[in-house]
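Student: Compute the structure for the input listed below.
(chains A and B)
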Amino acid sequence: MTDHDRYESLQAGYLLGALDAAEAADFERHLAGCDACRAELRWLTPALDVLAGGVEQLTPPERLRGRILGAIEADSPSRARVAQQPSRWRRLGVARVATGAAVAVALVAGLAGGYALRGDSEPATQLATVPVEATSPAVQTSGSVVASDDVWRLDLSDMPELRTGDVYQVWLRRGDRVSPSVTFVPSQGRDAQVLLPANVASADELLITREPAGGSREPTSAPLVSATLQ
Amino acid sequence: MVLVQRGDESALEILYDRHGGPAYSLAYRILGESQAAEDATQDAFLSVWRTSASYDAVRGSVRSWLLQIVRNRSIDALRRTAARGGRIDLDDDDVLAAQEAPERTDAEAARRERAEHVRGALRDLPQDQSQVLALAYYAGFTHSEIAELLGTPLGTIKGRMRLGLQKVRANLGEQIA
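Tutor: As a prediction, this is how the structure comes out:
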């Protein structure tokens, strides 16, 4: 067995983390000067995805999401959210344009139907689109909430000007309850594309407000646009 | 991922929505216990949050990177407790049944279907090869430990490990084609 043969026999063990510390260090020294071993590792690496993804797929306990997001927030003191404020939301109400309800699309129903028609090997498919509605004539914003595979996206044009330091914030309404979601700043002029968390699927309505940097726990301004999701 | 690297918490939330299920499932497969799997999954996401600057898209997808972190955290936990209790069989149908009322959305159903497909690819391996891969990847044994455990020469274990991983990779190529 040549020296290279010996290292070749360690390639799989190295990727699988099955070498002891001394062996792994020795292999890495060899790897630094061996194009063939590096190429083989590059080729083999996707096999780890099969091992990782080939386990029985479980639904995590609901509490895990909150645990992780709480840990992230606790780890980010510099980005602490704006302190709890009296709810202007309730005072302001949700000013929805009357026609919004008339053009509403059954987004979730559309998703379910679309998904059933999609094979795994097909490219990403746009499954449903819901228009956003301006909540006052002074706002010229147009756009839509787009569901495509398991990705939810918000496409917006002609958003009103933002004051320096302010952000837009998405809110999701379920019944009487409004919960904060992502914040964003238009990256190109007054247009924006925003990825939405998957829990948008269970919302009745999506709303957008202007908020201070970092976002707010409760809306501090009236909604500018809304989209009726269900 | 760029947004996570910029410290955008909502981007991490999206990352969890997309990959939290597979991450938790892998941790559960390794640790065999819900609380420990939650802890390992949380550790992994916190690690992604803190070390996102080290992510290099050229070296693989975010999902691959995350799942590798989950695997490493889970194996660390397994070794810390010296439990060695990770399941080593590839047929854990009882695990799913034991879970809290799962919400079988269409997306989730598709994910489970894909996972079943790759599990099938693993089952197609000769048993001695899949066993060695499982002992290394899911139970965290070194090849020397596996040789001792199975009473098999170390060279044989290395050979099975290499052949098994090459076959998994080759099957993946055929599926992609």
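Student: Show me what the helix or strand A:T209 falls within is packed up against.
Tutor: Following DSSP states H and E, one finds A:T209 within strand A:205-211. The elements that strand A:205-211 packs onto, with contact taken as 3 or more CB pairs under 8 Å, 6 or more residues apart in numbering or on different chains; DSSP states H and E, are strand A:167-174, strand A:177-184, strand A:225-228. (Glycine included, C-beta is placed from N, CA and C.)
Student: what residues does the lengthiest helix in chain A touch?
Tutor: Secondary structure of chain A per DSSP state H: the longest helix is helix A:62-74. By CB atoms under 8 Å, 6 or more residues apart in numbering or on different chains, the surrounding residues in contact with helix A:62-74 are A:81, B:9, B:12-13, B:16, B:20, B:24, B:38, B:41-42, B:45-46, B:49, B:100.
Student: Can you tell me the centre-most residue of chain A?
Tutor: Nearest residue to the geometric centre of chain A (CA atoms, centre = their mean): A:P197, 4.2 Å.
Student: sorry, back to before: ok, of the helices and strands packed on strand A:205-211, where does mean pLDDT dip lowest?
Tutor: Ranked by mean pLDDT, these bottom out at strand A:177-184, with a mean of 83.
Student: List the buried residues for the very next helix or strand once past it?
Tutor: Counting by DSSP H and E, the next helix or strand C-terminal to strand A:177-184 is strand A:192-196. By neighbour count on 16 or more other CB atoms under 10 Å in any protein chain shown, the buried set for strand A:192-196 is A:A192, A:V194, A:L195, A:L196.
Student: Strand A:192-196 pairs with which strands?
Tutor: When sheet partners are counted by DSSP bridges, strand A:192-196 sits next to strand A:151-157 (antiparallel).
Student: Any buried residues in the strand it pairs with, and which?
Tutor: For strand A:151-157, by 16+ other CB under 10 Å, it's A:V151, A:W152, A:R153, A:L154, A:L156.
Student: give me the number of residues near A:D35?
Tutor: Look at A:D35: counted by other CB atoms under 10 Å in any protein chain shown, it has 8 neighbours.
Student: Same check on B:L12?
Tutor: By other CB under 10 Å, neighbour count at B:L12 equals 23.
Student: same check, this time on A:C37
Tutor: A:C37: 19 surrounding residues under other CB under 10 Å.
Student: Could you break the chain into its assigned domains?
Tutor: Since you didn't name a chain, this refers to chain A. The domain map for chain A lists A:3-53, A:62-228, with the assignment taken from automatic domain parsing.
Student: Switch to chain B, please.
Tutor: Structurally, chain B divides into domains by automatic domain parsing as follows: B:1-87, B:104-177.
Student: Now for chain B, the helix or strand with the poorest mean pLDDT.
Tutor: Taking mean pLDDT, DSSP states H and E as the measure, the helix or strand of chain B with the lowest value is helix B:93-97, at a mean of 33.
Student: In terms of mean pLDDT, which of the domains of chain A ranks lowest?
Tutor: domain A:62-228 (a mean of 67).
Student: Now distance to B:R80 and secondary structure too, for the contacts of helix A:62-74, in a markdown table please.
Tutor: Output for the contacts of helix A:62-74, formatted as a markdown table (distance: CB to CB, whole Å; DSSP: H, G, I helix; E, B strand; the rest coil):
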| residue | distance to B:R80 | secondary structure |
| --- | --- | --- |
| A:R81 | 34 | coil |
| B:E9 | 29 | helix |
| B:L12 | 26 | helix |
| B:E13 | 29 | helix |
| B:Y16 | 24 | helix |
| B:G20 | 23 | helix |
| B:Y24 | 19 | helix |
| B:E38 | 16 | helix |
| B:T41 | 16 | helix |
| B:Q42 | 15 | helix |
| B:F45 | 19 | helix |
| B:L46 | 17 | helix |
| B:W49 | 22 | helix |
| B:E100 | 26 | coil |
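Student: List buried residues within these.
Tutor: So, by 16+ other CB under 10 Å, the buried ones in the contacts of helix A:62-74 are A:81, B:9, B:12-13, B:16, B:20, B:24, B:38, B:41-42, B:45-46, B:49.
Student: what would those residues look like in JSON lines with distance to A:A71?
Tutor: JSON lines is the format used below for the buried ones among the contacts of helix A:62-74 (distance: CB to CB, whole Å):
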{"residue": "A:R81", "distance to A:A71": "15"}
{"residue": "B:E9", "distance to A:A71": "11"}
{"residue": "B:L12", "distance to A:A71": "10"}
{"residue": "B:E13", "distance to A:A71": "12"}
{"residue": "B:Y16", "distance to A:A71": "11"}
{"residue": "B:G20", "distance to A:A71": "13"}
{"residue": "B:Y24", "distance to A:A71": "15"}
{"residue": "B:E38", "distance to A:A71": "11"}
{"residue": "B:T41", "distance to A:A71": "11"}
{"residue": "B:Q42", "distance to A:A71": "6"}
{"residue": "B:F45", "distance to A:A71": "8"}
{"residue": "B:L46", "distance to A:A71": "6"}
{"residue": "B:W49", "distance to A:A71": "8"}
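Student: quick one: which two of those residues are the most distant?
Tutor: Within the buried ones among the contacts of helix A:62-74, A:R81 and B:Y24 form the most distant pair, 26.3 Å apart (CB to CB).
Student: any idea how far A:A47 lies from B:L165?
Tutor: Distance, A:A47 to B:L165, by CB to CB, to the nearest Å: 5 Å.
Student: before we move on, what about A:P160?
Tutor: 55 Å.
Student: which of these two has more neighbours?
Tutor: Shown here are A:P160 and B:L165; by other CB under 10 Å, B:L165 has more neighbours (27 against 15).
Student: who touches that one in this structure?
Tutor: The neighbourhood of B:L165, defined by CB under 8 Å, 6+ apart, consists of A:A12, A:L15, A:L16, A:L44, A:A47, B:L133.
Student: Among those, which are located in strands?
Tutor: Among the contacts of B:L165, DSSP state E puts none in strands.
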